[in-house]
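S.K.: pasting a predicted model and its sequence here:
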Amino acid sequence: DTAVSQTPKYLVTQMGNDKSIKCEQNLGHDTMYWYKQDSKKFLKIMFSYNNKELIINETVPNRFSPKSPDKAHLNLHINSLELGDSAVYFCASSKSTGRWGNEQFFGPGTRLTVL
Amino acid sequence: QKEVEQDPGPLSVPEGAIVSLNCTYSNSAFQYFMWYRQYSRKGPELLMYTYSSGNKEDGRFTAQVDKSSKYISLFIRDSQPSDSATYLCAMTKGRSNAGNMLTFGGGTRLMVKP
């Protein structure tokens, strides 16, 4: 009965490779997000999708491409991985029509290490 | 200068102490304020959510917002070792479907010693 799930939990890969991270939420939310948390613990928004439509794209390199096949899924594909992409990536979701409209629930994170 | 500033700590307190965690911010447009707790190697978990200025209490946790000073606080009463985690403040101008994003502080690491 996991609310927001991500796969894989750990990802170790070589520079230059292409990889994908998957996210699914079973909360019935209509908005999903990808965040990057660096080694200093700063959480930075990368993308936000509302009803499968991209609404936030925060100066992320073109190598990162999100895809939302439906409201419950938001995947992140990364091309040509670089050392600086090593971080923990979190998926989150929220219900935009709720009382506050921005109460976000986070997944467990995917720890990406680029060698 | 970051939009949201938070002392990284670590903050070490004995069990049972009252803990005060704080954030300052520079953007007066922020209206919704949140506190998240993040255990090591886990995702952030929403603790408290407040709108505009004022206080909100939930069990041992109290959130305070002072918009005139651009200052928010989280108080933890009767702190327990299980409260040991990193606490992140977050804030936003409005609803997510209008393109408003959460801006996070860097987190304060709290250690409660038995």
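M.R.: Sure thing, it's come through.
S.K.: so which residues of the chain form strands?
M.R.: Because you didn't say which chain, this covers chain A. For chain A, the strands defined by DSSP state E cover A:4-7, A:10-13, A:19-25, A:31-37, A:43-50, A:53-57, A:64-70, A:73-78, A:87-94, A:105-106, A:110-114.
S.K.: oops, chain B please
M.R.: For chain B, the strands defined by DSSP E cover B:4-5, B:11-14, B:19-25, B:32-38, B:45-51, B:54-58, B:61-66, B:71-76, B:85-92, B:103-104, B:108-113.
S.K.: how about the ones you listed, which one is nearest chain A?
M.R.: Across these, chain A has its closest neighbour in strand B:103-104 (4.3 Å, C-beta to the nearest C-beta). (Glycine included, C-beta is placed from N, CA and C.)
S.K.: turn the strands of chain A into TSV, columns for distance to residue B:5.
M.R.: TSV is the format used below for the strands of chain A (distance: least, C-beta to C-beta, whole Å):
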stretch	distance to residue B:5
strand A:4-7	28
strand A:10-13	32
strand A:19-25	30
strand A:31-37	18
strand A:43-50	14
strand A:53-57	23
strand A:64-70	27
strand A:73-78	29
strand A:87-94	21
strand A:105-106	22
strand A:110-114	27
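S.K.: burial check on residue 69, number of neighbours?
M.R.: No chain in the question, so chain A it is. 9 (other C-beta atoms under 10 Å in any protein chain shown).
S.K.: I was thinking of chain B, sorry if that wasn't clear
M.R.: Considering only other C-beta under 10 Å, residue B:69 is surrounded by 10 other residues.
S.K.: and if you look at residue A:72?
M.R.: Counted with other C-beta under 10 Å, the neighbours of residue A:72 add up to 16.
S.K.: show the pLDDT at it.
M.R.: Per-residue pLDDT puts residue A:72 at 94.
S.K.: and for the one 4 residues further on?
M.R.: Note for residue A:76: predicted pLDDT of 96.
S.K.: can you redo the strands of chain A as CSV with distance to chain B?
M.R.: Compiled in CSV, these are given as follows (distance: least, C-beta to the nearest C-beta, whole Å):
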stretch, distance to chain B
strand A:4-7, 8
strand A:10-13, 10
strand A:19-25, 11
strand A:31-37, 5
strand A:43-50, 4
strand A:53-57, 5
strand A:64-70, 14
strand A:73-78, 13
strand A:87-94, 5
strand A:105-106, 4
strand A:110-114, 8
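S.K.: lowest average confidence across those strands, which one?
M.R.: strand A:53-57 (a mean of 83).
S.K.: residues contacting residue A:9?
M.R.: Residues counted as contacts of residue A:9 (C-beta atoms under 8 Å, 6 or more residues apart in numbering or on different chains) are A:108, A:109, A:110, A:111.
S.K.: residues in contact with residue 113?
M.R.: Picking chain A for this. With contact set as C-beta under 8 Å, 6+ apart, residue A:113 has these partners: A:10, A:11, A:12, A:13, A:86.
S.K.: looking at chain B here, not the other one
M.R.: With C-beta under 8 Å, 6+ apart, residue B:113 has these contacts: B:12, B:13, B:14, B:15, B:81.
S.K.: go again using 10 Å as the cut-off
M.R.: The neighbourhood of residue B:113, defined by C-beta atoms under 10 Å, 6 or more residues apart in numbering or on different chains, consists of B:12, B:13, B:14, B:15, B:17, B:79, B:81, B:84.
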